[in-house]
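Asker: prediction below, plus the sequence it came from.
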Amino acid sequence: MKQLGYRAIMVLCFIALLAGGTALFCARYLGDGSDWAASRVNSGVYEDGKLRRGTIYDRDGDVLFDAVGGSYADSGAVRKATLHLIGDRAGNISASATKLMADRLVGFNPIMGTAMGGHDIFLTVEASLNAAAYQALDGRKGAVAIYNYKTGELLCSVSTPTFDPEKPPKEIEGNSKYEGVYLNRVFVGLYAPGSVFKIVTTAAALEQIPDIESRSFSCSGSLELGEHTITCPKAHGEMDFARALAKSCNCVYAQLAVELGGETLQKYAESAGLQERMDVSGIKTAAGSYTVAENEGDLGWSGVGQYQTMVNPAAMLRLMGAIANDGVGVTPQLLLKETVESGRTVASGRSDSERLWKAETCEKLKALMRNTVVVEYGAEKFGQLNVCAKSGTAEVGEGKRPHSWFVGFVDDENCPLAFSVIVENGGSGSAVAGGIVAKLLPDAAALLQTAEE
């Protein structure tokens, strides 16, 4: 009788272990089954090291990558412009659709496995707009991003340097031409913001300094703060707050930074989303940083966008969209939809949103940024588009030319476009990066209009 009891206990233990193992397997299967299906050891979905099923298209249905044949777009300019979104054959670009969406391409289903065939992926970008951005960068290193700030759809996302994935260069390592070529600068790049950070300082001043809009300022071309000298390209003379932003006066903004304090500026950089990572359809962006300076001189420079402040182009893109969208920031997205062989949509992209700044503050920022375009950059270069923007010329030291920034948006419910452009060592922000925006916005606006029709 005692022996029978031991056997019963052993059987119960075995059943418990079996049940536990089954439960663990089911949990792992549901959570990791798609990764198992896309594994390179699964010969049923890989052939000669290439995905056998699924195709990646742009938003209009133009082929960007045919996983069956392992071939890219027909246009060389499109292949170069979308390299960082699609990925290279060697798999050196980790944050790419072919890697991050491998399970979608395989078409894994927890019930049917891969028996129903591969799925096609449609990205939110438009191939010709990306090609135009690549050509506008004209061989310079940098990043261009344009998105719909209402839906979050990325219409353009280009990072350079790049190369043709159909004809990859033999020597990349050690070649300065291809420095950082495997990094998608839109999502993982970190740069000194220069004067585009004055938007953050402006928002803080609007909310924390009661008389800021009625104040007058004076700039003689330089300002002494402790042992530091804050300089402007020239003496701006007497001006009000709107003119100080339009002229991008370093002396005024350094004074405001000292008055506001480093902790306040850090709080506003954080609320702007510049210090956090975003999830862009599975791609994790880099988090920027703002360091509270220990002396007035460094604090002044931090309010100007120098010192140790760093920002990511995609984060700046969302901030611009938030200002246009009355303070609500919509996270960019890259996945438009996923379809099965019959063409039926089984999944669609989605964007998260959160309030970054107050609507009242954003209304004032819109007016100030529009004024900057009208009186400083020239509204005519953007045609009929009601562009609000800020340029930045970020000093990088070591005798190198400054980075060129241009960020902003179109203040129009029927044309909800925001943009973030940086050209490394490009020089003047308004002339270089701003010139790229001026070239691309009409095509981006036409794309939205065509989509509505």
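Answerer: Now that the structure is in, tell me what you want to look at. Note that the structure is a prediction, hence the values are computed from the model and not measured. Residues are numbered from 1 along each chain as shown.
Asker: residue ranges with poor pLDDT in the stretch 351-453 of the chain?
Answerer: The model of the stretch 351-453 of the chain has pLDDT under 70 over residues 451-453.
Asker: can you give me the strands in it?
Answerer: All strands of the stretch 351-453 of the chain, identified by DSSP state E, counting those that start in this stretch, fall at 353-355, 387-394, 403-410, 417-423.
Asker: closest to Tyr377 out of those?
Answerer: Across those, Tyr377 has its closest neighbour in strand 387-394 (6.8 Å, C-beta to C-beta). Quick note: C-beta positions are derived from backbone N, CA and C, even for glycine.
Asker: before we move on, back to that, what would the strands of the stretch 351-453 of the chain look like in a markdown table with mean neighbour count and distance to Leu336?
Answerer: Formatted as a markdown table, these follow (neighbours: other C-beta atoms under 10 Å; distance: least, C-beta to C-beta, whole Å):
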| stretch | mean neighbour count | distance to Leu336 |
| --- | --- | --- |
| strand 353-355 | 14 | 18 |
| strand 387-394 | 26 | 26 |
| strand 403-410 | 28 | 21 |
| strand 417-423 | 29 | 17 |
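Asker: just so I know, which of the ones you listed lies nearest Tyr253?
Answerer: Of all the strands of the stretch 351-453 of the chain, strand 387-394 sits nearest to Tyr253, with 11.8 Å by C-beta to C-beta.
Asker: tabulate the CA atom coordinates of that closest one in CSV.
Answerer: Only the C-alpha atoms of strand 387-394 are listed here, as CSV (Å, rounded to 0.1, in the frame of the first residue of the first chain):
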residue,chain,number,x,y,z
VAL,A,387,5.8,77.1,-42.8
CYS,A,388,6.9,77.7,-39.2
ALA,A,389,10.6,76.8,-38.6
LYS,A,390,13.8,77.4,-36.8
SER,A,391,17.3,76.9,-38.1
GLY,A,392,20.4,75.9,-36.1
THR,A,393,24.1,76.2,-36.8
ALA,A,394,25.6,73.9,-34.2
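Asker: for that strand, name the packing helices and strands.
Answerer: On a contact count with 3 or more C-beta pairs under 8 Å, 6 or more residues apart in numbering; DSSP states H and E, strand 387-394 meets helix 359-372, strand 403-410, helix 434-452.
Asker: adding distance to Tyr253, write the ones you listed out as CSV.
Answerer: Formatted as CSV, the helices and strands packed on strand 387-394 follow (distance: least, C-beta to C-beta, whole Å):
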stretch, distance to Tyr253
helix 359-372, 13
strand 403-410, 15
helix 434-452, 20
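Asker: pick the most buried one from those.
Answerer: strand 403-410 (a mean of 28; mean count of other C-beta atoms under 10 Å).
Asker: tell me the angle it makes with helix 434-452.
Answerer: 30 degrees (axes from the mean of the first three to the mean of the last three C-alpha atoms, to 10 degrees).
Asker: now the angle from strand 403-410 to strand 417-423?
Answerer: For strand 403-410 against strand 417-423, the angle by the same axes, to 10 degrees is 170 degrees.
Asker: who does strand 403-410 touch, helix- and strand-wise?
Answerer: Helices and strands touching strand 403-410, by 3+ C-beta pairs under 8 Å, 6+ apart, are helix 313-324, strand 387-394, strand 417-423, helix 434-452.
Asker: so which of those gets nearest Gly300?
Answerer: strand 387-394 (15.7 Å).
Asker: who does that closest one pair up with?
Answerer: Counting by DSSP bridges, the strands paired with strand 387-394 are strand 403-410 (antiparallel).
Asker: chain center to the strand it pairs with: distance?
Answerer: 13 Å (C-alpha atoms, centre = their mean, to the nearest Å).
Asker: Leu223 belongs to a helix, doesn't it?
Answerer: No: read with DSSP: H, G, I helix; E, B strand; the rest coil, Leu223 is strand and lies in no helix.
Asker: thought Leu385 was touching Ala444?
Answerer: No: at 9.5 Å, Leu385 does not count as touching Ala444 under the criterion of C-beta atoms under 8 Å.
Asker: circling back: Gly76: which of the helices and strands packed on strand 387-394 is closest?
Answerer: helix 434-452 (19.1 Å).
Asker: mind giving me the packing neighbours of that closest one?
Answerer: helix 127-137, strand 142-148, strand 154-160, strand 387-394, strand 403-410, strand 417-423.
Asker: what are the ranges of the strands in the stretch 51-200 of the chain?
Answerer: 55-57, 63-66, 71-72, 120-123, 142-148, 154-160.
Asker: please identify which of those strands is closest to Leu317.
Answerer: strand 142-148 (4.9 Å).
Asker: what's the angle from that closest one to helix 434-452?
Answerer: 30 degrees.
Asker: before we move on, the earlier item: of all the helices and strands packed on helix 434-452, which one is nearest Ala203?
Answerer: strand 387-394 (11.7 Å).
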